[in-house]
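**Q** From the sequence below, what's the structure:
(one chain, ligands or ions: 1)
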Amino acid sequence: MENSKIIAVVGATGAQGKGLVNAILNDKESGFKVRAITRNAGSDKAKELSKMGVEVVEADVDDKASLVKAFKGTYGAFCLTFFWEHFSPEKENLHAKNMAEAASEAGVKHVIWSTLEDTRKWIPLDDDRMPTLSGKYKVPHFDAKGESNVYFENSGIPYTLLNTSFYWENFIYFGLGPQKGPDGKLGITFPMGDKKLPGIASDDIGKCAYSIFKGGKEFQGKTVSIAGEHLTGNQMATAFSKHLGVEVKYNNVPASVYRSFDFPGADDMGNMFQFKAEFEADFCGARDINATKKLNPELLNFDSWLEKNKSSIKIE
Ligand SMILES: NC(=O)c1ccc[n+]([C@@H]2O[C@H](COP(=O)([O-])OP(=O)(O)OC[C@H]3O[C@@H](n4cnc5c(N)ncnc54)[C@H](OP(=O)(O)O)[C@@H]3O)[C@@H](O)[C@H]2O)c1
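**A** Reported below is the predicted structural model:
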């Protein structure tokens, strides 16, 4: 479409970015076009996007000059970082700074930063209810994102801070799905007692981001926090049992036990769940479901997400 407003999507081949790419492609009369950012235009996923008519441009969040080039001529930029690729909060800071500066230098008119809370505002480092990690973080993959908000706030360009939620796809791709315990029974395990975990279908993040770009001024200079539903472990286990046709229980373990699990980032995740449980009122309170539905009328709840995705959940 001539005169379309281009939106550059960082992470276009990944979970959040893909949702935004599809939301733009599915809205043919919108006046928006998408520019997918990838490190490798020759990858299968990038070629798939090209085949769908998407402009694919190479850039790396490590390389600010490549981002300036990729953002040139765009109306909007969707920015996110990739903690689980490198486990480094300092890299997240640098990548966020690169994106904010690049968006400013390229003259982008609206940038969305996909972020999370800096948990140290609730739990200072000297609060020993949970360990301090890497010397200066409580929940590294949250804190570095929240700390990086300032780069966008100071960028001089219209920005929206988008606080996301736990993707339910973690039950498919992140090893958090139902697993058999020593008793042979299936269970989902996390340390949240009877507190509610806000969750969302990852595609819905992109749909919300698209609505924010379309809303423009209404959302600029603001923080928008989104979720599809708030559920306790027991409620999620009941939904799993219904959709999988086998009993799934909720194993509520202490956060200290979760932190000791043998997978990379277990300490970070243990602190994260503990933070969400102890500050349930603030964390859930910020993520209003009706407001999220206003942004994205197709918003899934956990039941409808499970209905769509149950065949992808491998029971071990
Ligand atoms: N899992 C959750 O529940 C959850 C919830 C909220 C927030 N988050 C946050 O979401 C972020 C990850 O987003 P995602 O899940 O959408 O990622 P993802 O599905 O893992 O995909 C990320 C994409 O980004 C691209 N990428 C990776 N490194 C890059 C770099 N250096 N420069 C440019 N592009 C790069 C890759 O594309 P190419 O290979 O094509 O370059 C990849 O396909 C993390 O920071 C995580 O903390 C996760």
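
**Q** What does the pLDDT read for the spatially closest residue to Lys217 that is not a sequence neighbour?
**A** Across the structure, with C-beta to C-beta, 6 or more residues apart in numbering as the measure, the residue nearest Lys217 apart from its sequence neighbours is Pro158 (7.6 Å). Just so you know, the C-beta spots here come from the backbone N, C-alpha and C atoms, and that holds for glycine as well. According to the prediction, Pro158 has pLDDT 98.

**Q** Following the helix or strand encompassing Asp143 in sequence, what is the next regular element?
**A** Assigned by DSSP states H and E, Asp143 falls within helix 140-153. On the C-terminal side of helix 140-153, the closest following helix or strand by DSSP H and E is strand 159-163.

**Q** got the contact list for Gly42?
**A** For Gly42, the set of contacting residues under the criterion of C-beta atoms under 8 Å, 6 or more residues apart in numbering is empty.

**Q** So Met272 sits against His141, correct?
**A** Yes: here Met272 lies in contact with His141, judged by C-beta atoms under 8 Å, at a distance of 7.4 Å.

**Q** When those two are compared, which one has more neighbours?
**A** Neighbours around Met272 and His141, counted as other C-beta atoms under 10 Å, are more numerous at Met272. The numbers are 24 against 20.

**Q** Three-state assignment for that one, please.
**A** Following DSSP: H, G, I helix; E, B strand; the rest coil, we place Met272 in the helix state.

**Q** Tell me where this structure has helices.
**A** Assigned helices in the chain, in chain order: 15-25, 44-51, 64-71, 83-86, 89-106, 140-153, 170-173, 202-215, 233-244, 255-259, 266-278, 280-286, 289-295, 302-309 (criterion: DSSP state H).

**Q** and Ser134, which of those helices is closest to it?
**A** Within these, the stretch nearest Ser134 is helix 140-153; the backing value is 5.9 Å (C-beta to C-beta).

**Q** how far does stretch 191-209 stretch from start to finish?
**A** Looking at stretch 191-209, the gap from its leading to its trailing residue is 30 Å under the measure C-alpha to C-alpha, to the nearest Å.

**Q** Just the C-alpha atoms of stretch 40-50, please, in CSV.
**A** Taking only C-alpha atoms (Å, rounded to 0.1, in the frame of the first residue of the first chain), the coordinates of stretch 40-50 have been written out as CSV:
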residue,chain,number,x,y,z
ASN,A,40,19.6,-13.8,9.2
ALA,A,41,17.4,-13.1,6.2
GLY,A,42,18.4,-16.5,4.8
SER,A,43,16.9,-18.5,7.7
ASP,A,44,13.8,-20.7,7.1
LYS,A,45,11.7,-18.5,9.3
ALA,A,46,12.8,-15.3,7.6
LYS,A,47,12.3,-16.8,4.2
GLU,A,48,8.8,-17.8,5.3
LEU,A,49,8.1,-14.1,6.1
SER,A,50,9.4,-13.0,2.7
